[in-house]
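Chemist: Generate coordinates for the sequence data below:
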Amino acid sequence: MTLPTKTAYNLSRQLPFFYGWVIVGCAGCAAFVRQGAAVATLSVFVTPMTDEFGWSRAEFSGAVSLGGLLAALTAPAIGVLADRRGSGMILSVAALVLGGAALALSQTNSLIWFYVAFCIARMTFASPFDIGISSAVAQWFVRLRGQAMSYINVILSISLAMMPVIAFTAMSNGDWRNGWFTIAILVLTIGVAPNLLLLTRRPEDIGLTPDPKSARPPVEPGRAAASINEPSFTRAEALRTPALWFIMGFTVFIFPVQAGISLHQIPHLVERGLSPLVAVSAVSSQSIVGAVAGVAFGLFARRYSARIGLCIGAIAASMSAIILLMVASGWQAFVATSLFGFGIAGILTLLPVIWAEYYGRENYGAIRGVTLPVQVLAQASGPLIAGFLRDWTNDYNASLSLFTIFAIIAAGLVFFARPPTTVAESVGENQ
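Modeler: Below is the predicted model of the structure:
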């Protein structure tokens with residue numbers, strides 16, 4: 001028995017609440033530090049770093065795209081590892097690597113150095129953190145999965161609000177190098193220990209079943225816990241269902257919007273005549289909206305449908321892009337970023353939910369391991385598209401128009417992602 005499993009078993013017998021909420025806390029620590037490599041955090045560094053080194057916006061954005069490519073290559077192996085060994089080691093190592101990469105970024109002296117350091121940071125953001133966090137929560141919850149994921153999204157949103165402000169404040173007291181150093185200290189302090197010591201793979205490993213109301217008192221380790229009724233698809237079976245391809249199509253179109261706007265929204269707002277402080281404040285406010293919206297989307301999915309919630313999120317993202325095209329004042333910036341935060345909160349909360357809801361827990365990591373690369377590559381393309389079009393046209397209007405269209409297409413695709421009913425029926429429909 002591993003140390004986290006032994007610790008979880010002992011604590012679960014003493015705590016007055018379901019141990020799955022401890023898992024949510026551990027995953028929340030990882031979610032908080034993960035945002036150190038988010039494009040919204042990186043956006044604070046765009047102007048000072050490109051001004052100092054004379055890089056173009058496309059050159060700067062390329063690091064996000066290359067890091068996404070590396071994440072896509074590692075995702076299948078990370079997914080299988082999460083199924084077999086759990087998320088604890090994955091998330092603690094990811095935090096160590098991200099902290100080290102942020103320290104390296106504080107010492108950047110060339111474009112190559114920046115690419116190496118940020119590509120490593122972005123790779124951990126998009127693959128081990130993504131799979132590890134969502135897999136940890138998906139394994140411990142079924143009926144309350146949307147609610148549990150919404151709490152993770154609250155933490156993601158709080159971190160996304162705080163990280164740009166923390167970096168901006170640290171830069172104000174020094175320079176952009178101080179911003180990266182501060183992020184590194186936060187990541188290493190918060191992200192490693194909880195996941196290394198407390199996060200165990202599945203409730204069945206300590207004699208529990210998912211969800212608080214269904215959880216029995218833990219039995220002795222090694223004895224089987226009672227099973228629950230849920231879908232169970234292998235990776236091959238899932239790949240033969242239409243729903244998987246509709247959801248993957250959704251990610252192809254929505255994640256360029258998410259990443260492209262996230263990275264370039266502060267420079268866009270500044271170029272539209274707003275002060276850097278107003279721009280940073282508007283971007284930070286979207287995370288506050290996102291925190292509340294994530295909880296609402298989680299409750300919506302539990303009562304109605306994760307699929308419809310994802311559709312609503314994509315429509316909100318398209319409306320945000322339209323307003324950003326016309327933004328000319330502070331209040332318009334706050335409306336646009338709030339809509340963006342609302343929509344992306346729904347997408348980030350419900351996408352892990354719909355994968356587990358449709359295909360079950362047993363092979364969740366393996367299925368995410370083959371679908372996540374598509375999402376990551378799409379996400380990597382957004383900043384590059386926006387940066388290239390900005391350098392070509394001298395503004396962000398072309399990219400925002402394109403992102404509006406992408407978000408509308410994404411909404412249509414996920415609307416048609418009907419759930420597979422049974423493995424046999426799903427496979428039979430395609431024979």
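Chemist: Next, the contact list for Ile322, please.
Modeler: For Ile322, the contact set (CB atoms under 8 Å, 6 or more residues apart in numbering) comprises Leu400, Thr404. In short, each C-beta sits where N, CA and C put it, glycine included.
Chemist: What separation is there between it and Tyr115?
Modeler: Ile322 is 33 Å from Tyr115, where distance means CB to CB, to the nearest Å.
Chemist: buried sites along the one helix or strand Arg13 maps to?
Modeler: Counting by DSSP states H and E, the element that carries Arg13 is helix 3-14. Burial within helix 3-14, assessed by neighbour count using 16 or more other CB atoms under 10 Å, is assigned to Pro4, Thr5, Thr7, Ala8, Tyr9, Ser12.
Chemist: Could you do stretch 63-76 as well?
Modeler: Taking 16+ other CB under 10 Å as the basis for neighbour counts, the residues of stretch 63-76 that come out buried are 63-72, 74-76.
Chemist: quick one: the helix or strand following the helix holding Arg13 to helix 3-14, angle?
Modeler: On the C-terminal side of helix 3-14, the closest following helix or strand by DSSP H and E is helix 20-34. Angular relation of helix 20-34 and helix 3-14 on a 0 to 180 degree scale: 130 degrees, by axes from the mean of the first three to the mean of the last three CA atoms, to 10 degrees.
Chemist: quick one: helix 20-34 to chain centroid distance?
Modeler: The gap between the average C-alpha position of helix 20-34 and the chain average comes to 13 Å, counting by CA atoms, centre = their mean, to the nearest Å.
Chemist: Likewise for stretch 369-388?
Modeler: Stretch 369-388 has its average C-alpha position 13 Å from the chain's average C-alpha position, going by CA atoms, centre = their mean.
Chemist: average pLDDT across that stretch?
Modeler: For stretch 369-388, the mean per-residue pLDDT is 85.
Chemist: With stretch 268-281 instead?
Modeler: Regarding stretch 268-281, the rounded mean pLDDT is 84.
Chemist: Identify each buried residue in that stretch, please.
Modeler: His268, Leu269, Val270, Arg272, Leu274, Val278, Ala279, Val280, Ser281.
Chemist: Which single one of the residues you listed is nearest to Met248?
Modeler: Distance to Met248 across the buried residues of stretch 268-281 (CB to CB) is lowest for His268, with 28.8 Å.
Chemist: Just the CA trace of stretch 76-95, in CSV.
Modeler: Once non-C-alpha atoms are left out, stretch 76-95 reads as follows in CSV (Å, rounded to 0.1, in the frame of the first residue of the first chain):
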residue,chain,number,x,y,z
PRO,A,76,-1.6,9.5,-24.3
ALA,A,77,1.1,8.2,-21.9
ILE,A,78,0.0,10.5,-19.1
GLY,A,79,-3.6,9.3,-19.5
VAL,A,80,-2.8,5.6,-19.2
LEU,A,81,-0.5,6.4,-16.2
ALA,A,82,-3.4,8.2,-14.5
ASP,A,83,-5.7,5.2,-14.9
ARG,A,84,-3.0,2.8,-13.5
ARG,A,85,-1.3,4.8,-10.8
GLY,A,86,-3.6,7.7,-10.0
SER,A,87,-3.1,11.4,-10.2
GLY,A,88,-1.1,12.1,-7.1
MET,A,89,2.4,11.6,-8.4
ILE,A,90,1.5,13.1,-11.8
LEU,A,91,0.4,16.4,-10.2
SER,A,92,3.2,16.7,-7.7
VAL,A,93,5.9,16.2,-10.3
ALA,A,94,4.0,18.6,-12.6
ALA,A,95,4.1,21.3,-9.9
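Chemist: How far off centre is it?
Modeler: Averaging C-alpha coordinates over stretch 76-95 and over its chain gives two centres that are 16 Å apart (CA atoms, centre = their mean).
Chemist: How about stretch 388-408?
Modeler: Taking the mean C-alpha point of stretch 388-408 and that of its whole chain, the gap between them comes to 23 Å (CA atoms, centre = their mean).
Chemist: Next: stretch 39-58.
Modeler: The offset between the C-alpha centroid of stretch 39-58 and the centroid of the whole chain comes to 22 Å, using CA atoms, centre = their mean.
Chemist: Name the residues that touch that stretch?
Modeler: Taking CB under 8 Å, 6+ apart as the rule, stretch 39-58 contacts 35, 60, 64, 108, 110-111, 114, 118, 160, 163-164, 167-168, 171, 175-176, 179-180, 183, 259, 262-267, 270, 276, 280, 283, 287, 383-384, 387-388, 390-391.
Chemist: could you redo the buried residues of helix 3-14 as CSV and give each row pLDDT and distance to Ala291?
Modeler: Putting the buried residues of helix 3-14 into CSV (pLDDT from 0 to 100; distance: CB to CB, whole Å) gives the following:
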residue, pLDDT, distance to Ala291
Pro4, 76, 28
Thr5, 83, 32
Thr7, 83, 30
Ala8, 82, 28
Tyr9, 82, 33
Ser12, 82, 28
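Chemist: wait, which of the residues you listed is closest to Ser232?
Modeler: Taking the buried residues of helix 3-14 together and measuring to Ser232 by CB to CB, the closest member is Thr5, at 22.7 Å.
Chemist: Apart from its neighbours in sequence, what residue is nearest that closest one?
Modeler: Spatially, and ignoring its direct neighbours in sequence, Thr5 is nearest to Thr200 (4.6 Å; CB to CB, 6 or more residues apart in numbering).
Chemist: where's that neighbour relative to Ala136, distance?
Modeler: Applying CB to CB, the value for Thr200 to Ala136 is 9 Å.
Chemist: Please identify every residue contacting each of those two.
Modeler: Taking CB under 8 Å, 6+ apart as the contact criterion, the common neighbours of Thr200 and Ala136 are Ile23, Gly86, Gly88.
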